[in-house]
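Q: Only the shape, not the letters, is given here:
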């Protein structure tokens, strides 16, 4: 058998339905953790004191996760390290890109839209 520690997915691997089943189990577990992390980042105050087993399963060392990675022919330490890095990046990058620079600035205050009333046009307030 091959060394699982340094091995990644290869295109020339033979079809192995059992291995593919366990890789799909990992995909579901990791996607559940990403969905929960996304909600906890968005709503920090609401989820502040809650603990999620889905996050613990993929981020904390446990024998069940290690066994599933073994069945999937992946290194559990490498998978866990990459998942933790992804979850940390989600938290770091959330506040940077999701808010406009000046959310309090009104659209009508911008120079491109704000027009002074001229004598030729009647404004609604003048009617």
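A: Sure thing, it's come through. Quick caveat: nothing in here was measured; it's all calculated off a predicted structure.

Q: For the protein, which segments count as helices?
A: 17-42, 44-47, 53-59, 63-71, 76-97 (DSSP state H).

Q: Out of those, which one sits most buried?
A: Ranked by average neighbour count under the criterion mean count of other Cβ atoms under 10 Å, the helices of the chain are headed by helix 53-59 at a mean of 16. Backbone N, C-alpha and C define where each C-beta goes, glycine included.

Q: what separates residue 21 from residue 68, distance-wise?
A: 10 Å (Cβ to Cβ, to the nearest Å).

Q: Tell me where the protein is predicted with low confidence.
A: Across the chain, the stretches falling below the confidence threshold (pLDDT under 70) are 1-13, 95-127.

Q: Mind doing that once more with 90?
A: When the per-residue scores of the chain are filtered using pLDDT under 90, the ranges that remain are 1-16, 38-39, 41-54, 90-127.

Q: Give the phi and psi angles for residue 61, as a check.
A: Summarising the backbone geometry of residue 61 under the convention degrees, to the nearest 10, its torsions are phi -60, psi 130.

Q: Neighbours of it, how many?
A: When neighbours are defined as other Cβ atoms under 10 Å, residue 61 has 9 of them.
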